[in-house]
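Participant: Task: produce atomic coordinates for the following.
(chains A and B)
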Amino acid sequence: MAVSRSFPPAEARRGLRDVAPLLLGVAPFGVVTGATAVDAGLSPLQAVGLSVVVFAGAAQLAAVELLGDNAALLVVLATGVVINLRMLMYSASIAPHFRSFHARWKAVCSYILTDQAYALSVARYTGVDADLDPAARRRYYLAAGGSLWVVWQVCTLVGIVVGARVPPAWGLEFAVPLVFLSLLIPATTSWPKLVAAAVGGGVAVAGTVLAIPLNLGLIAGGAAGVAAGVLADGRLPGDGDDAGSGGAH
Amino acid sequence: MPTEYGPAAVWGVVVVLGVATFGIRASFVYLFGRIDEVPTRVTNALKFVPPAVFAALTLPAIVAPEGAIAVVGNERLVAGVLAGAVAWYVDDILATIVVGMAALWLLRFGL
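Facilitator: As a prediction, the model looks like this:
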């Protein structure tokens, strides 16, 4: 057990530093989600409750829009669940790094598992200078994921209170795919991973073009991309291990 | 589009969706804590999750922002390619966002 000599500990500081630019992309999304909830007829308390209890932007937005359209409650729930199914892949991918955590920390870390927290942490854990002990892994994750949680709650609250005043023409929602683009490129460190990315992105685009509902194109893209990567592994030159993904962050 | 559902229905959605989402997030985190060794084949497959899912989250918003594949007149494709170049050469998330958004606004508003 290393006693940390500085506060915040080194890995927590690194997590805060790495997550800072991502908060910029999350903030407008949070404001829009909060404003949409109130527009759909949720009370401010219900809107806050949704953000705190569910804490998953795309699912919140879809659930709120369906509630506003008075869709069947089962449809509202099924849509939210299907949109969040991609987190099964994150859960499986990050689980080996969380294995030695206490059950209580596993619960906290699971609750704050988001696209962004997963992306940063898996890059940090598998990066070239990785080899972090469990406490360091936990600190990094909690600093990054906790910051995202705080900013999400504050921004949805802002959206609930003041509404979305930013003109749609600004296209602020474009910041979200830009964040994933900036994570995608350093994560594509070998030919098999490039195949996984090409197939994953291609299937997701097909899902969008064919207007497949419930974000299923995204999940199909993820699954097809992983399968394609496995098939390409061994046939194409790989990187030998999974080192190097995002190590430069 | 105010909802006609009462407080009980809305809170029901909040709670059920929250519990289901937590279950999805916690699923493998707890499962892999119970088995002795995560099979190598599984970890080999899981290393492809980041490139596959991040591409699936990125590409549709850049290539087909309105639901159909668009090349001509697609501001987001141009902005996305520029941002991708920044991500490749600079590997900095903030710089990627700034260049992508700036390119989008330049194309859309002229200056």
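
Participant: Backbone torsions only: list them for residue A:8.
Facilitator: phi -70, psi 160 (degrees, to the nearest 10).

Participant: right, I mislabeled it, should have said residue A:233
Facilitator: The phi/psi pair for residue A:233 (degrees, to the nearest 10) is phi -60, psi 130.

Participant: so what's it closest to, chain neighbours aside?
Facilitator: Nearest non-adjacent residue to residue A:233, counting by CB to CB, 6 or more residues apart in numbering or on different chains: residue A:192, 4.5 Å away. Where C-beta positions appear, they are placed from N, C-alpha and C, glycine not excepted.

Participant: what packs against the helix or strand where that neighbour lies?
Facilitator: Element membership of residue A:192 [criterion: DSSP states H and E] is helix A:191-209. Judged by 3 or more CB pairs under 8 Å, 6 or more residues apart in numbering or on different chains; DSSP states H and E, helix A:191-209 is in contact with helix A:175-187, helix A:216-232, helix B:49-63.

Participant: just these: most buried one?
Facilitator: helix B:49-63 (a mean of 28; mean count of other CB atoms under 10 Å in any protein chain shown).

Participant: Return the distance of that one from the chain's centre.
Facilitator: 7 Å (CA atoms, centre = their mean, to the nearest Å).

Participant: Could you see whether chain A lies near that helix?
Facilitator: Yes: shown here: helix B:49-63 in contact with chain A (CB under 8 Å from any CB of the partner chain) through B:49-63.

Participant: How about stretch B:98-111?
Facilitator: Yes: on the criterion CB under 8 Å from any CB, stretch B:98-111 is in touch with chain A at B:100-101, B:104-105, B:108.

Participant: Which single one of those residues is nearest to chain A?
Facilitator: residue B:100 (4.2 Å; CB to the nearest CB).

Participant: Residue A:162 versus the closest residue to chain B within chain A, what's the distance?
Facilitator: Here the residue of chain A nearest chain B is residue A:225; by CB to the nearest CB that distance is 2.5 Å. Going from residue A:225 to residue A:162 by CB to CB, to the nearest Å gives 39 Å.

Participant: go on, residue A:37?
Facilitator: On the measure of CB to CB, residue A:37 and residue A:162 end up 13 Å apart.

Participant: Which of the two has more residues huddled nearby?
Facilitator: Taking other CB atoms under 10 Å in any protein chain shown, residue A:37 and residue A:162 do not tie; residue A:37 has more neighbours (29 against 12).

Participant: Surely the more buried one and residue A:45 touch.
Facilitator: No: counting by CB atoms under 8 Å, residue A:37 does not reach residue A:45; the two are 10.7 Å apart.

Participant: what comes up buried for stretch A:117-129?
Facilitator: A:117-127 (16 or more other CB atoms under 10 Å in any protein chain shown).

Participant: any chance of those residues in a markdown table, plus pLDDT?
Facilitator: Converted to a markdown table, the buried residues of stretch A:117-129 look like this (pLDDT from 0 to 100):
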| residue | pLDDT |
| --- | --- |
| A:117 | 96 |
| A:118 | 94 |
| A:119 | 91 |
| A:120 | 93 |
| A:121 | 95 |
| A:122 | 92 |
| A:123 | 90 |
| A:124 | 93 |
| A:125 | 93 |
| A:126 | 87 |
| A:127 | 82 |
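
Participant: Let's have those residues in a markdown table, adding secondary structure and distance to chain B.
Facilitator: What follows is those, written out as a markdown table (DSSP: H, G, I helix; E, B strand; the rest coil; distance: CB to the nearest CB, whole Å):
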| residue | secondary structure | distance to chain B |
| --- | --- | --- |
| A:117 | helix | 10 |
| A:118 | helix | 8 |
| A:119 | helix | 7 |
| A:120 | helix | 9 |
| A:121 | helix | 11 |
| A:122 | helix | 6 |
| A:123 | helix | 7 |
| A:124 | helix | 12 |
| A:125 | helix | 11 |
| A:126 | helix | 8 |
| A:127 | coil | 12 |
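
Participant: which among these gets closest to residue B:67?
Facilitator: residue A:119 (25.7 Å; CB to CB).

Participant: OK, now which residue of chain B is nearest to chain A?
Facilitator: For chain B, CB to the nearest CB, closest residue to chain A: residue B:52, 2.5 Å.

Participant: Look up the closest residue to that residue, ignoring the ones flanking it.
Facilitator: Nearest to residue B:52 is residue A:225, by CB to CB, 6+ apart, at 2.5 Å.

Participant: One more: residue A:75?
Facilitator: residue A:66 (6.2 Å).

Participant: Hmm, the one you found is touching residue A:79, no?
Facilitator: Yes: when contacts are counted by CB under 8 Å, residue A:66 is listed as touching residue A:79 (6.0 Å).

Participant: Save the residues of stretch B:98-111 next to chain A as CSV, and put in distance to residue A:157, pLDDT and secondary structure too.
Facilitator: Putting the residues of stretch B:98-111 next to chain A into CSV (distance: CB to CB, whole Å; pLDDT from 0 to 100; DSSP: H, G, I helix; E, B strand; the rest coil) gives the following:
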residue, distance to residue A:157, pLDDT, secondary structure
B:100, 27, 93, helix
B:101, 24, 90, helix
B:104, 27, 93, helix
B:105, 27, 92, helix
B:108, 29, 88, helix
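
Participant: Neighbours of residue 80, how many?
Facilitator: Let's take chain A. Neighbours of residue A:80 (other CB under 10 Å): 27.

Participant: oops, chain B please
Facilitator: So residue B:80, with other CB under 10 Å, has 25 neighbours.
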